[in-house]
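In: Everything below, folded, please.
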Amino acid sequence: MALSTQKILQAVLAKIREFAPQANGHYLDVGAGRGELIRLVTNEFALEANACDYTRELMRDPAITVDVVDLNRESLPYSDETFDLVTCTEVIEHLEYFRKTLREIFRILKSDGIFVLTTPNVLNLRSRVRFLLFGFFSLFGPLYPRESQRYLTGGHINPVSYFYVAHALSDAGFTDISVSIDKRQRASLFWLILLLFPIRLFSLWAIHREKNRYKTIDAVNQRFVREMNSSDLLLGRTLVVGCRKKI
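Out: Purely as a prediction, here's the structure:
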């Protein structure tokens, strides 16, 4: 999380407050980077913090011990139902198998535990237009084949749109899924004015077709499909998704 901005960090704090205004207990930051989020969270909430990342070299706070784990190859090194809160900011876009990591996070959360993740919002209109014209979403671009070191800290290899984040969380067992954004992009406002009506019109037709012909939309996933074209997701830079583990 070394490259996260203050707006992302503050949006994560807001999401934690939304789910647990008086959060306490054990806390894990997955992909802790320099430790900025841990400091903010522990300054506000009575939480005992833990950190994990693929390296200890990024951490700037000597008081924070980092457990090293390669999430593409290893499971999280914690027992079942250990944590009351887990955060994972700007991480899943770096992972080959992000669904496995979400299942691992579900495993290590206590019942009624809270999970908050962030990832670039590839559904904002600036990103959609870039994909249409160039074939790459915003914040994603050509990678160097067979040179994995090139993307460990700076590059993004896995663009995950909101629906597939929500689907993966639901599939892992999470409930009460809630999405927000860190900020609205000015660059997307122009495209919103130009494209909002055709997007809304086509979405109505497409949802009707998916529900009635292909049977891919039902009462369970319809909300996630509709949220994909909400104003926040059409304009937002970063997805901030919170959820709860209920057993």
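In: in this protein, which spans are helices?
Out: Here the chain has its helices, by DSSP state H, at 6-19, 36-44, 98-108, 125-134, 162-172, 186-209, 222-227, 231-235.
In: which one of those lies closest to residue 114?
Out: helix 6-19 (4.6 Å; C-beta to C-beta). Yep, even glycine has a C-beta here, placed from its N, CA and C like the rest.
In: what about that closest one, distance to the chain center?
Out: Distance of helix 6-19 from its chain centroid, counting by C-alpha atoms, centre = their mean, to the nearest Å, is 12 Å.
In: do the same with stretch 65-76
Out: For stretch 65-76 - counting by C-alpha atoms, centre = their mean - the centre lies 18 Å from the chain centre.
In: Mean pLDDT, distance to residue 82 and mean neighbour count added to the helices of the chain, as JSON lines?
Out: As requested, the helices of the chain are exported to JSON lines (pLDDT from 0 to 100; distance: least, C-beta to C-beta, whole Å; neighbours: other C-beta atoms under 10 Å):
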{"stretch": "helix 6-19", "mean pLDDT": "97", "distance to residue 82": "18", "mean neighbour count": "18"}
{"stretch": "helix 36-44", "mean pLDDT": "97", "distance to residue 82": "16", "mean neighbour count": "18"}
{"stretch": "helix 98-108", "mean pLDDT": "98", "distance to residue 82": "5", "mean neighbour count": "20"}
{"stretch": "helix 125-134", "mean pLDDT": "98", "distance to residue 82": "36", "mean neighbour count": "16"}
{"stretch": "helix 162-172", "mean pLDDT": "98", "distance to residue 82": "16", "mean neighbour count": "19"}
{"stretch": "helix 186-209", "mean pLDDT": "96", "distance to residue 82": "39", "mean neighbour count": "13"}
{"stretch": "helix 222-227", "mean pLDDT": "97", "distance to residue 82": "29", "mean neighbour count": "15"}
{"stretch": "helix 231-235", "mean pLDDT": "97", "distance to residue 82": "32", "mean neighbour count": "19"}
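In: would you turn those helices into JSON lines with distance to residue 86?
Out: Formatted as JSON lines, these follow (distance: least, C-beta to C-beta, whole Å):
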{"stretch": "helix 6-19", "distance to residue 86": "11"}
{"stretch": "helix 36-44", "distance to residue 86": "11"}
{"stretch": "helix 98-108", "distance to residue 86": "5"}
{"stretch": "helix 125-134", "distance to residue 86": "27"}
{"stretch": "helix 162-172", "distance to residue 86": "12"}
{"stretch": "helix 186-209", "distance to residue 86": "30"}
{"stretch": "helix 222-227", "distance to residue 86": "21"}
{"stretch": "helix 231-235", "distance to residue 86": "23"}
